[in-house]
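Visitor: Mind looking at a prediction? Sequence and model below.
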Amino acid sequence: MTAPRPLSHADLLQLKRWNTPTIYNGWEQITKRDFCADGFNLEETRDFMPQMGPMVGYAVTVVIEPSNASHRKTLPNATADYRRYLGSVAGPKIVVIQDLDKPRVIGSFWGEVNANIHKALGCVGTITDGAIRDVDEMTNAGLKSIARRLCVGHAAVQPIRFNCDVEVFGRKVSPGDLIHADKHGFMVITPEEQPQLLEASKFMDTNECETVIAAARNSSGLTTEEILENLSKASRQFRDNAQQKFARSGEW
C-alpha cells in the first residue's frame, strides 16, 4: 500500500501550471539541503514532447539492461511482477528508468505498447537515461517522455530490478519522490520537502512579478540612472520579501 502523501491531487494540478525552474525557485527556499544543485539533474536531458508541458508525479523506479538477453531466462516473471508493483502504487506516477547500457544504447523500454500499458496503470510519463521510440504513438497515448535519445529497436528489454534507488542523469531518485519535469530538466523532491512546495513556488513567482520584473517593465521614459535605481530598490524588496517569508539569510 502507498503511504499517505502530503499533497492533494489539486495541489499537483496547480504545481503542473508552472515550469520546472519556477518550482525550483520555491523549493530553493524551503530545502534544508546544503547544496541546492542536489535537487535536479546534472546531465543534459531531452524532452521529446515539449508541447505536453510539465509533468508532475511520484517516482516508480526500474533498472534495465537491454543488451543482456540472459535476464529473460533468469528473471522470467520480472515483467509481470513489475506490472503488479506498478499497479499497487497510487498515481499519478512517473516511471524513472536507469539503463545499465548507457552511454551505448541497445534498445528502448518504451514504445507504443508500453506507453499504453503504463497509461492504463496510472502513469503520466517517464524519465529514462536510455532511449525511447514510437514518439508519435507515445504522444498519442498521453505519456510524456524525457530521455537521452531515440532508438529504433527494443532488444532484450525488461525490468531487472524495480522499486529501488536509481541514478539517472547524475541524480539519485528513490521510489515515492515527487518529480516535476519539463524541457528544462527535472526536480526530485523528497517527501519532507513536499508540503510547503506549492505555497513557496506561488510566493516566489508573485515576488518576482511584483518587484524586479515590474521594475524592469515599467521603465518607459526613464533615464538609465532612474531605471538602475528602480531595479536596485526592487531587488532589495525581492530579497526582503523572501527573507521575511522564509526566515532565510544570505546573499542574492
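Guide: That came in fine, so what should we check first? As the structure is a prediction and not an experimental result, all values here were calculated from the model. Numbering: from 1, shown residues only.
Visitor: Quick check: phi and psi on residue 55?
Guide: The phi/psi pair for residue 55 (degrees, to the nearest 10) reads phi -120, psi 150.
Visitor: who's it bridged to?
Guide: Here residue 55 sits in beta bridges with residue 181, as judged by DSSP bridges.
Visitor: So it sits against residue 144, correct?
Guide: Yes: Residue 55 is within contact range of residue 144, at 4.7 Å (criterion: Cβ atoms under 8 Å). Glycine gets a C-beta too; all of them are placed from N, C-alpha and C.
Visitor: what's the overlap in contacts for the two?
Guide: When Cβ atoms under 8 Å, 6 or more residues apart in numbering defines a contact, the residues bordering residue 55 and residue 144 alike are 124, 125, 181.
Visitor: Can you give me the domain assignment for the chain?
Guide: 9-193, 211-245 (automatic domain parsing).
Visitor: out of these, deepest packed?
Guide: When you average the neighbours per residue for each of those (mean count of other Cβ atoms under 10 Å), domain 9-193 leads with a mean of 19.
Visitor: for the stretch 51-200 of the chain, what spans make up the strands?
Guide: Assigned by DSSP state E, counting those that start in this stretch, the strands in the stretch 51-200 of the chain fall at 55-64, 93-99, 123-128, 131-132, 144-147, 149-150, 159-162, 166-168, 171-173, 178-182, 185-189.
Visitor: so how far is residue 43 from residue 243?
Guide: Going from residue 243 to residue 43 by Cβ to Cβ, to the nearest Å gives 33 Å.
Visitor: try residue 5
Guide: Taking Cβ to Cβ as the measure, residue 5 falls 28 Å from residue 43.
Visitor: Residue 179: what's it in contact with?
Guide: 55-59, 94, 96, 127, 173, 186-189.
Visitor: Please convert these to TSV, extending it with distance to residue 74 and pLDDT.
Guide: Shown next, in TSV, are the contacts of residue 179 (distance: Cβ to Cβ, whole Å; pLDDT from 0 to 100):
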residue	distance to residue 74	pLDDT
55	33	98
56	36	98
57	31	97
58	29	97
59	26	97
94	28	98
96	23	98
127	27	98
173	25	97
186	32	98
187	35	97
188	31	97
189	35	95
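Visitor: what's the closest of those to residue 161?
Guide: Distances from these to residue 161 were compared by Cβ to Cβ; the smallest belongs to residue 96, at 12.3 Å.
Visitor: so what's the closest one up against?
Guide: Residues in contact with residue 96 (Cβ under 8 Å, 6+ apart) are 59, 60, 61, 62, 126, 127, 128, 166, 168, 173, 179.
Visitor: I figured the fourth one hits residue 165, correct?
Guide: No: at 11.6 Å, residue 62 and residue 165 do not qualify as touching, with contact defined as Cβ under 8 Å.
Visitor: Distance to residue 203 for the domains of the chain - can I get that in a markdown table?
Guide: Below are the domains of the chain laid out as a markdown table (distance: least, Cβ to Cβ, whole Å):
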| stretch | distance to residue 203 |
| --- | --- |
| domain 9-193 | 7 |
| domain 211-245 | 6 |
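Visitor: mind checking how far residue 77 is from residue 157?
Guide: According to Cβ to Cβ, residue 77 and residue 157 sit 16 Å apart.
Visitor: Also residue 66?
Guide: Distance from residue 66 to residue 157, counting by Cβ to Cβ: 4 Å.
Visitor: Now render the contacts of residue 179 as JSON lines, adding distance to residue 48.
Guide: Listed next are the contacts of residue 179 as JSON lines, based on distance: Cβ to Cβ, whole Å:
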{"residue": "55", "distance to residue 48": "12"}
{"residue": "56", "distance to residue 48": "18"}
{"residue": "57", "distance to residue 48": "17"}
{"residue": "58", "distance to residue 48": "21"}
{"residue": "59", "distance to residue 48": "19"}
{"residue": "94", "distance to residue 48": "14"}
{"residue": "96", "distance to residue 48": "16"}
{"residue": "127", "distance to residue 48": "11"}
{"residue": "173", "distance to residue 48": "19"}
{"residue": "186", "distance to residue 48": "14"}
{"residue": "187", "distance to residue 48": "19"}
{"residue": "188", "distance to residue 48": "20"}
{"residue": "189", "distance to residue 48": "23"}
